[in-house]
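> predicted model and sequence follow; I will ask about them next.
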Amino acid sequence: MAGGFILPQQPGDHQTVQFIFVGQWTQADADKWNEAIFALKQQFPGNLVGVTIKGLRTPAKYRPKPKKK
């Protein structure tokens, strides 16, 4: 689902939220992300129990090719 909406849930249920970012990130971007995730976890103590991040490099054959001039 696109849009980032979650639904009510019963005790014992769980939901997974996935963010996909592309392109370059600066240290300032990473710092801003880390602060936002920390604040989010503070808003949902006991419910938001973890954030898993795995960086993946897109294979070269799937990355956009530089435009020829």
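That came through, no problem. Numbers count the residues shown, from 1 in each chain.
> ok, the residue of the chain positioned farthest from its centre - contacts?
Residue farthest from the centre of the chain, counting by C-alpha atoms, centre = their mean, is residue 69 at 35.2 Å. Remark: with contacts taken as C-beta atoms under 8 Å, 6 or more residues apart in numbering, residue 69 is in contact with nothing. Yep, even glycine has a C-beta here, placed from its N, CA and C like the rest.
> also residue 40?
Contacts for residue 40 (C-beta under 8 Å, 6+ apart) come out as residue 48.
> which element, helix or strand, includes it?
helix 27-43 (DSSP states H and E).
> quick one: average confidence on that helix?
Mean pLDDT, computed over helix 27-43, is 92.
> ok, now how distant is the spatially most central residue of the chain from residue 11?
Closest to where the C-alpha atoms of the chain average out (C-alpha atoms, centre = their mean) is residue 19, at 3.0 Å. Distance from residue 19 to residue 11, counting by C-beta to C-beta, to the nearest Å: 26 Å.
> just the pLDDT for residue 23.
At residue 23, the model reports a pLDDT of 86.
> hang on, the earlier thing: which parts of the helix holding residue 40 are buried?
By 16 or more other C-beta atoms under 10 Å, helix 27-43 has no buried positions at all.
> any idea how far that helix is from the chain center?
Its chain's C-alpha centre lies 11 Å from the corresponding centre of helix 27-43 when counted by C-alpha atoms, centre = their mean, to the nearest Å.
> ok, and the closest non-adjacent residue to residue 9?
residue 15 (6.3 Å; C-beta to C-beta, 6 or more residues apart in numbering).
> before I go, just wanted to say thanks for your time.
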